[in-house]
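Novice: Predicted model and sequence follow; I will ask about them next.
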Amino acid sequence: MTTIARMQRANRGTQFRAYRLHGSDPALLDPFMGIDHAWMSAPTFPPHPHAGFSAVTYLFLDSEAGIANRDSQGNRTLIEPGGLHWTAAGRGVVHEENPAVLGSTTHLLQIFVNLPKDRQNAAPFALTLRPQDVPVVQRPGARVRVPLGAFGDARSPLTPPTEVTLMDVTLEPMAELEVPVPAGQRAFFMPVFGSAEIDGKSFGLEDLGAPVMPTVPDATTHKLVAKADGAKVAVFIGKPLHQPILSNGPMAFANKESLAAAAAAYHRGEMGSL
């Protein structure tokens, strides 16, 4: 049975506003831990640590500027509109992201993806995908960008530590798109603009609904249909990891020993600084 998760509004002053999708049950979005669909126009979050999972930033093409990303591993990256940056935090990293042009609005997804427990204590690393390297699939009335994973014959060139799919789908009014989901994987749909239906069930920003499909043993296909004004939808697909999530906020591990060790390492300065 389809579950309708509810997004929550999360604003910080006038420079950051977001719709936040974080399941109250950690198993609901597994292997994803949460998503922020946000607009940011000024520095909002100071340098902060992450450990045990991945922090992924995807910029929509309508962003007025890029995002400057830097971390304690020495990575310095400009995430351009339409591009993606994946920080696999592993045993711990400190990072920061700010609009590259202050006052210009960036439009983004901040995606938190769990790491398999045997990779949670690995060394941190980063992956970057330029906008021109994102595969694009054209279907009647639909344009699909595939920054992660695969759709049809298109496959992202990235090989992240947790295999997931992200599709940035733009639908013309009343257009349809069939979305295949591999056996044993979970899919959910986050409205970005407008309203749509998935398998006949309506969702959109007016009710902050995000349909979450059940995982089933066989491959399935879901029909995504835009309403009369068209729609933009972010589609997330991944295989659940089925592992515990113990978190102190910026860090999350499958066991309390690793969580405590990461927190102690950060306070000793072992994750580095900016």
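Specialist: Okay, I see it. Residues are numbered from 1 along each chain as shown.

Novice: Let me know the secondary structure of L259.
Specialist: helix (DSSP: H, G, I helix; E, B strand; the rest coil).

Novice: One more: A262?
Specialist: For A262, the assignment made with three-state DSSP gives helix.

Novice: residue boundaries of the strands in the stretch 51-200 of the chain?
Specialist: For the stretch 51-200 of the chain, the strands defined by DSSP state E, counting those that start in this stretch occupy 53-59, 67-71, 76-79, 84-88, 93-99, 106-114, 125-129, 136-139, 142-148, 150-151, 154-155, 164-171, 176-181, 186-198.

Novice: for the ones you listed, which one sits closest to M1?
Specialist: Comparing the strands of the stretch 51-200 of the chain against M1 with Cβ to Cβ, the closest turns out to be strand 186-198 (13.0 Å). Every C-beta, even on glycine, is put in place using the N, C-alpha and C of the backbone.

Novice: what packs against the closest one?
Specialist: Judged by 3 or more Cβ pairs under 8 Å, 6 or more residues apart in numbering; DSSP states H and E, the packing partners of strand 186-198 are strand 32-40, strand 201-204, strand 209-212, strand 220-238.

Novice: Format the strands of the stretch 51-200 of the chain as JSON lines; extra columns: mean pLDDT, mean neighbour count and distance to L28.
Specialist: Formatted as JSON lines, the entries for those read as follows, by pLDDT from 0 to 100; neighbours: other Cβ atoms under 10 Å; distance: least, Cβ to Cβ, whole Å:
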{"stretch": "strand 53-59", "mean pLDDT": "98", "mean neighbour count": "24", "distance to L28": "16"}
{"stretch": "strand 67-71", "mean pLDDT": "97", "mean neighbour count": "20", "distance to L28": "28"}
{"stretch": "strand 76-79", "mean pLDDT": "98", "mean neighbour count": "16", "distance to L28": "28"}
{"stretch": "strand 84-88", "mean pLDDT": "98", "mean neighbour count": "24", "distance to L28": "22"}
{"stretch": "strand 93-99", "mean pLDDT": "97", "mean neighbour count": "21", "distance to L28": "26"}
{"stretch": "strand 106-114", "mean pLDDT": "98", "mean neighbour count": "22", "distance to L28": "12"}
{"stretch": "strand 125-129", "mean pLDDT": "98", "mean neighbour count": "18", "distance to L28": "26"}
{"stretch": "strand 136-139", "mean pLDDT": "98", "mean neighbour count": "13", "distance to L28": "28"}
{"stretch": "strand 142-148", "mean pLDDT": "98", "mean neighbour count": "21", "distance to L28": "20"}
{"stretch": "strand 150-151", "mean pLDDT": "98", "mean neighbour count": "20", "distance to L28": "23"}
{"stretch": "strand 154-155", "mean pLDDT": "98", "mean neighbour count": "14", "distance to L28": "27"}
{"stretch": "strand 164-171", "mean pLDDT": "98", "mean neighbour count": "23", "distance to L28": "15"}
{"stretch": "strand 176-181", "mean pLDDT": "98", "mean neighbour count": "18", "distance to L28": "16"}
{"stretch": "strand 186-198", "mean pLDDT": "97", "mean neighbour count": "21", "distance to L28": "8"}
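
Novice: so which of the ones you listed comes closest to Y19?
Specialist: Evaluated with Cβ to Cβ, the strands of the stretch 51-200 of the chain place strand 186-198 nearest to Y19, the distance being 8.0 Å.

Novice: Put the alpha carbons of the closest one into PDB.
Specialist: Taking C-alpha atoms only, strand 186-198 is exported to PDB below (Å, rounded to 0.1, in the frame of the first residue of the first chain):
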ATOM      1  CA  ARG A 186      11.800   1.500  -2.700                       C
ATOM      2  CA  ALA A 187      10.600   4.500  -4.700                       C
ATOM      3  CA  PHE A 188       9.200   7.800  -3.500                       C
ATOM      4  CA  PHE A 189       8.100  11.000  -5.200                       C
ATOM      5  CA  MET A 190       8.700  14.500  -3.900                       C
ATOM      6  CA  PRO A 191       6.800  17.400  -5.600                       C
ATOM      7  CA  VAL A 192       9.000  20.300  -6.600                       C
ATOM      8  CA  PHE A 193       6.500  22.400  -8.500                       C
ATOM      9  CA  GLY A 194       2.900  21.800  -9.400                       C
ATOM     10  CA  SER A 195       0.700  18.700  -8.800                       C
ATOM     11  CA  ALA A 196       0.700  15.200 -10.200                       C
ATOM     12  CA  GLU A 197      -0.700  11.800  -9.800                       C
ATOM     13  CA  ILE A 198       1.100   8.500  -9.200                       C
END
